[in-house]
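Participant: I would like to see how this sequence folds:
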Amino acid sequence: MSEIPSIISNLAIILTLAGFTTVLFKWMKQPVVLGYIVAGFLSVIVMNILSTEINTHDIHIWSDIGVIFLLFSLGLDFSLKKLMNVGVTALSGALTVVIGMMSVGYLAGSLMGWSSMDCIFLGGMLSMSSTTIIFKAFDDSGLRTEHFSQIVFGILIVEDLFAVLLMVMLSTLAISHSVNSETVLADILKLFMFLLFCFVTGIYLLPTLFRKTKQYLNNETLLVLSIGLCLAMVMIASTMGFSSALGAFLMGSILAETIEAEHIEKLITPVKDLFGAIFFVSVGMMINPELLWQYKFPILILTVLVIVGQISFSTFGILLSGKSLQTAIRCSFSLAQIGEFAFILAALGNSLQVTKPFLYPIVVAVSVITTFSTPYLIQLALPTSNYLDRIIPLSWRKFFDRFSAGSNTIKQKNDWHDILPRIFRTVATFSCLSIFITVLWLQFVAPLIMNRISGIRGNLIALVALLLILAPFIRPVMLKRIDSHKFKRLWNDTNYNRGPIVSIFILRFIIGIVLIMYPVGQLLSGTLSVSIATISVLAYLAIGSRRIKKQTERMETRFYTNLSARETLQKEKTPVGEFFSSSLLKRDLHMSEFIVPQNSHYVGQQLVDLKLRNRLNINIVAILRGEKRINIPDGTVRLFPFDKALLVGLDENIKKFNELFKESVKADLAKCKKSKNEKIFIEQLRVINGSHLAGKTIMESGIQKEMGCIVIAVERESISIQNPKPTFLLAENDLIWVVGEPLLIKALNDKQLITN
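Facilitator: Purely as a prediction, here's the structure:
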């Protein structure tokens, strides 16, 4: 018998222990991430006892795959529109926390005598709250539908994006071993262009691909295609000098804008769970108990800094955006932990060998302690805010109230506020695409052309081909009209507007000329006349060609159609209009939903019987039943299994309903467990002489209605009747085949004997 490879034996131990520990931690109502970490710690002990070779290289490969799928799954849940809609509150809170905690982390590391690289990585680790832990805590406590939780999720979205960017910056910093402002700025610009190019190209191509091949995309092909695209983007990102995690996250965020996003997310979840488990187990395998004891005081100090710092900075940032003190405290107490991104950054520093070995287990220990404290901090948030509301001076309360009310008033915006962002988006997007295409062409395609066609002719062919490709991208930079009606209104409104309008036009034209001159200067080092002639030709094409204009418009239409396809589909399915939820929030109302379980006592009841409005001050505004939608249902509408009911009410009323709903579900499940679910058998009975069944039809005999059985066949002498009709007349000595529960069939036979 051949020897089992170490990778299989290691996986067997890891996954077996992970399975048992997750069951234990679920029973303890703790996050499974902690169970995986404990499983990793125990795996090392078990492997040493069994004298099994610990192949750390293989474990690191599996954990790297785990990071890829974790970031890919995170990208699927990210969506660019979520980032655009998080609002000022989430942006303010996230930036305040990130900047504050990075500063605190760096300062704390410096005071403990750690190296600059350790301090930088430590600041990044302490600035990221755990999305996984917060989601789990909100689900367990029933807070996921409350208003403050939406702010928390918005902050987490911004932090996740910053964490991905931070990974790229720290990787670059670790390789260069120095902080150079010019290098950092160049890396940021390179990263921005790479993200923009991949995102725009992906949105332009992938939704169309899914739409064209929809009839061939079953679960298997969609899973394989999604993983293939993820790994392809990982390879592209690595080739461009970025991390594999960035590539996975980017592909996830691109697929998140397609109509197949939810389907892909469901398919990828088991893969993500498997490799994510291996990653978190590998984190636990890196824990050294001796190091933990040796650095017990730094662990304690950093734990206090995380809890106090996260609460303080996030409270300040949320208050700064104009939210109430209670909302700020409830949000900040939920964010007081570090989680999966801290592990990923720690693993990054460890793999690049730029951080000391002690930093990894210290961060893991801090994460475990803060994770355990999260549910208790969430419960303490409301009492703390009530206590602070009682003790703070009246003048402070009035100030917070005035600031909150003032920041939420609607400010009048003039036409400039609408036009300038649109001009910036158009010019920045098409400029970055032009630059990226130019760089790729000059680096990879132009050398191939010039090697095959030597001399100035090869350079001219490469240049002309590039300029033709760039024409649809450069034209919008120079001449795309953006809301010409508002431009005319601004031009006629006052003479002061005319200077900026002319300046914007000139600046756009200059940017377009620069985008043209750069490849000309790279490919033609000859006479100036050739360069000028080429620029003039391209300028004519960009300005005068209707074909190029139509091509640009087609590209834009296709891009924006693909970008909004998922949102359009969701709007078609949703029973509420645009801005419905935001309008509710302005009135302190909230919309929630619940799905009617198939074994619930709600099934079959009319809405008037539930008395939700009278008991809880809650309204059911719509019911979704498959593809059917019942808007504003009246009291006579009955609930059916798997109906999705949309509720509107105050947060406290929705919370009370959720608690009652959970209790009713538990009660219904308990009733189901107590009820006897007998199996059904088939038996044959003889209609004996003098039986009450003789001379009656099957319907008159009461076999089905009274005894709960069904006659499926009757044998009379040599004749066999299958599935006899209810009007079939039974006779003595008939052999009837009866289907039903054993006790009911026996009762039917006993009734014959008693009657006889």
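Participant: CA atoms for contacts and neighbours, from now on please.
Facilitator: OK.
Participant: need the strands for this structure, in chain order.
Facilitator: Secondary structure of the chain (DSSP state E): strands at 589-595, 619-625, 628-631, 644-650, 681-686, 710-716, 719-722, 735-740.
Participant: could you dump those to CSV with mean neighbour count, distance to residue 351 and mean pLDDT?
Facilitator: Conversion of the strands of the chain to CSV gives the following (neighbours: other C-alpha atoms under 10 Å; distance: least, C-alpha to C-alpha, whole Å; pLDDT from 0 to 100):
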stretch, mean neighbour count, distance to residue 351, mean pLDDT
strand 589-595, 18, 45, 71
strand 619-625, 19, 50, 82
strand 628-631, 13, 54, 80
strand 644-650, 20, 48, 80
strand 681-686, 15, 64, 88
strand 710-716, 18, 70, 90
strand 719-722, 11, 74, 87
strand 735-740, 20, 66, 90
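Participant: could I get those strands as JSON lines with distance to residue 111?
Facilitator: Output for the strands of the chain, formatted as JSON lines (distance: least, C-alpha to C-alpha, whole Å):
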{"stretch": "strand 589-595", "distance to residue 111": "47"}
{"stretch": "strand 619-625", "distance to residue 111": "57"}
{"stretch": "strand 628-631", "distance to residue 111": "62"}
{"stretch": "strand 644-650", "distance to residue 111": "48"}
{"stretch": "strand 681-686", "distance to residue 111": "78"}
{"stretch": "strand 710-716", "distance to residue 111": "83"}
{"stretch": "strand 719-722", "distance to residue 111": "90"}
{"stretch": "strand 735-740", "distance to residue 111": "79"}
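Participant: low-confidence ranges in the stretch 251-400 of the chain?
Facilitator: 397-400 (pLDDT under 70).
Participant: surely residue 339 is in contact with residue 367?
Facilitator: Yes: Residue 339 is within contact range of residue 367, at 5.7 Å (criterion: C-alpha atoms under 8 Å).
Participant: bridged to residue 716, which residues?
Facilitator: For residue 716, the beta-bridge partners are residue 719 (DSSP bridges).
Participant: pull up the gap between it and residue 684, please.
Facilitator: Here residue 716 is placed at a distance of 13 Å from residue 684 (C-alpha to C-alpha, to the nearest Å).
Participant: equivalent analysis for residue 345, please.
Facilitator: Per C-alpha to C-alpha, residue 345 is found 71 Å from residue 684.
Participant: anything in contact with each of residue 716 and residue 684?
Facilitator: Residues touching both residue 716 and residue 684 by C-alpha atoms under 8 Å, 6 or more residues apart in numbering: residue 735.
Participant: would you report the backbone torsion angles of residue 355?
Facilitator: As for residue 355, its main-chain torsions (degrees, to the nearest 10) stand at phi -120, psi 160.
Participant: can you report how many residues neighbour it?
Facilitator: 24 (other C-alpha atoms under 10 Å).
Participant: show the contacting residues for the nearest residue to residue 73 once chain neighbours are set aside.
Facilitator: Leaving out its chain neighbours, the residue that sits closest to residue 73 by C-alpha to C-alpha, 6 or more residues apart in numbering is residue 252, at 6.4 Å. By C-alpha under 8 Å, 6+ apart, the contact set of residue 252 is 71, 72, 73, 74, 75, 76, 77, 78, 230.
Participant: where does confidence bottom out across those residues?
Facilitator: Within the contacts of residue 252, residue 78 has the lowest pLDDT, namely 70.
Participant: that one against residue 157, yeah?
Facilitator: Yes: with contact defined as C-alpha under 8 Å, residue 78 reaches residue 157; the gap is 6.8 Å.
Participant: can you get me a residue count around residue 214?
Facilitator: Neighbours around residue 214, by other C-alpha under 10 Å: 12.
Participant: residues touching it, list them.
Facilitator: By C-alpha under 8 Å, 6+ apart, residue 214 has no neighbours at all.
Participant: and it, what's its pLDDT?
Facilitator: 83.
Participant: check residue 583 too.
Facilitator: With respect to pLDDT, residue 583 has a value of 51.
Participant: ditto for the one 4 residues further on
Facilitator: For residue 587, the pLDDT comes out at 50.
Participant: which stretches of the stretch 651-756 of the chain aren't confidently modelled?
Facilitator: Residues of the stretch 651-756 of the chain that meet the cut-off, pLDDT under 70, sit at 662, 665-677, 753-756.
Participant: which stretches in it count as helices?
Facilitator: 651-674, 698-701, 742-755 (DSSP state H, counting those that start in this stretch).
Participant: what comes into contact with the shortest one?
Facilitator: Under the criterion C-alpha under 8 Å, 6+ apart, residues 692, 693, 711, 725, 726, 727, 728, 729, 730 lie in contact with helix 698-701.
Participant: which of those residues lies closest to residue 312?
Facilitator: Using C-alpha to C-alpha, residue 711 comes nearest to residue 312 of the contacts of helix 698-701, at 74.2 Å.
Participant: how close does the residue nearest to that closest one when sequence neighbours are not counted get to residue 749?
Facilitator: Nearest residue to residue 711, sequence neighbours excluded (C-alpha to C-alpha, 6+ apart): residue 738, at 4.6 Å. For residue 738, the distance to residue 749 equals 11 Å [C-alpha to C-alpha].
Participant: who touches both of these two?
Facilitator: Joint contacts of residue 738 and residue 749 (C-alpha under 8 Å, 6+ apart) are residue 685.
Participant: quick one, domains of this protein?
Facilitator: 6-386, 415-563, 587-674, 681-755 (automatic domain parsing).
Participant: out of these, deepest packed?
Facilitator: Mean neighbour count (mean count of other C-alpha atoms under 10 Å) peaks for domain 6-386 among these, with a mean of 19.
Participant: and it, how far out from the chain's middle?
Facilitator: 13 Å (C-alpha atoms, centre = their mean, to the nearest Å).
Participant: and the helices in the stretch 151-300 of the chain?
Facilitator: Under DSSP H, counting those that start in this stretch, the stretch 151-300 of the chain gives helices at 181-212, 219-239, 244-255, 261-285, 289-294, 296-320.
Participant: let me know which of these is the nearest to residue 102.
Facilitator: helix 296-320 (10.2 Å).
Participant: give me the contact list for the closest one.
Facilitator: Here helix 296-320 has contacts from 89-90, 92-97, 100-101, 104, 108, 112, 126-127, 292, 325, 328-329, 331-333, 335-338, 362-363, 365-367, 369-370, 404, using C-alpha under 8 Å, 6+ apart.
Participant: quick revisit: of all the strands of the chain, which one is nearest residue 518?
Facilitator: So among the strands of the chain, strand 589-595 is nearest, using C-alpha to C-alpha, at 53.9 Å.
Participant: and that closest one, what does it pack onto?
Facilitator: helix 580-586, strand 644-650, helix 651-674 (3 or more C-alpha pairs under 8 Å, 6 or more residues apart in numbering; DSSP states H and E).
Participant: the same query, at a cut-off of 10 Å, please.
Facilitator: Under the contact criterion of 3 or more C-alpha pairs under 10 Å, 6 or more residues apart in numbering; DSSP states H and E, strand 589-595 touches helix 147-176, helix 580-586, strand 619-625, strand 644-650, helix 651-674.
Participant: report the strands that pair with that strand, each with its relative direction.
Facilitator: strand 644-650 (antiparallel).
Participant: could you dump the strand it pairs with to PDB, C-alpha only?
Facilitator: This file holds the C-alpha atoms of strand 644-650, laid out as PDB (Å, rounded to 0.1, in the frame of the first residue of the first chain):
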ATOM      1  CA  LYS A 644     -42.700  37.300   1.600                       C
ATOM      2  CA  ALA A 645     -44.500  40.000   3.500                       C
ATOM      3  CA  LEU A 646     -43.100  43.600   3.500                       C
ATOM      4  CA  LEU A 647     -43.600  45.400   6.800                       C
ATOM      5  CA  VAL A 648     -43.400  49.100   7.700                       C
ATOM      6  CA  GLY A 649     -43.100  50.400  11.200                       C
ATOM      7  CA  LEU A 650     -40.800  51.900  13.800                       C
END
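Participant: for it, what is the distance to the chain centroid?
Facilitator: Mean C-alpha position of strand 644-650 versus that of the full chain (C-alpha atoms, centre = their mean) differs by 23 Å.
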